[in-house]
Structure formats: structure tokens, C-alpha cells
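Trainee: what would the 3D arrangement of this be:
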Amino acid sequence: MEEKYDNARPHRAAAVREFLEAEGVEQLPWPARSPDMNPIEHAWGALGRAINDRDNLPQTLQELAQALTDEWDALPIDITNNLVDSMPRRFDALIHARGGHTLHS
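Mentor: Okay, the predicted model is just below:
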């Protein structure tokens, strides 16, 4: 049976699984170690860099949520467009690697 999480430690934590189940969040099967096939991981990276570049880092969960919202709103559309446009190359690389690691990992 294929797992419904990508085997990333934060995603398989009991508290996360319990929360998702309690909220009725349906999870799709997702292969382990496949961030190259998930462009949102790269968007999260851009957001993380933007947060780290701030003069005043968020100190509370509420400040972090607001900072992430602000940075998401300020994220240039070219970044998300490039991530979407990169998907055919990512699929080709994954097929060529027979499901193994690619340069996009």
C-alpha cells in the first residue's frame, strides 16, 4: 500500500496525521523523497529566504503567519510561473532517472 504522505518527518508526525484526520483532510498517495515533483516545495524555499532576509524576524506564530502572508503576496508571479513551466522538464528527468533522484531534487 502506498503511503499518503511523502515520508518527510514533519508530515508523518503523529500530531500532524491526527490533525489531518480530525479535520477530514483527504491525502493523496505521494512517493517518498520526491520534492522535485512538488513545485510548492520550491515556493516554500523562496518564502523561507524572504523571511530570513527581513530586518525583523517573526518572534511569534502570529507574526510568522503574517510575514508568510505578506511575502506570499509579494512573491513575483514569475517565480510561480517558472515553477509550473518547469514541470514537463521535471517529469522528463524523473522518467529518465527511472524514478530516482534528479537534478531537481
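Trainee: any idea how many residues pack against the residue nearest to L75 when sequence neighbours are not counted?
Mentor: With sequence-adjacent residues excluded and distances taken as Cβ to Cβ, 6 or more residues apart in numbering, L75 is closest to A46, at 6.3 Å. (C-beta placed from N, C-alpha, C; glycine too.) Counted by other Cβ atoms under 10 Å, the residues lying close to A46 total 16.
Trainee: helix or strand for A46, which one?
Mentor: Here A46 sits within helix 39-52, counting by DSSP states H and E.
Trainee: domains of the protein?
Mentor: The chain breaks down into these domains under automatic domain parsing: 1-32, 34-105.
Trainee: would you single out the least confident of these?
Mentor: Averaging pLDDT over each of the domains of the chain singles out domain 1-32 as the lowest, with a mean of 71.
Trainee: for N82, see how far away the spatially most central residue of the chain is.
Mentor: With distances taken as Cα atoms, centre = their mean, the residue of the chain nearest its centroid is E41 (2.7 Å). As judged by Cβ to Cβ, to the nearest Å, E41 and N82 stand 14 Å apart.
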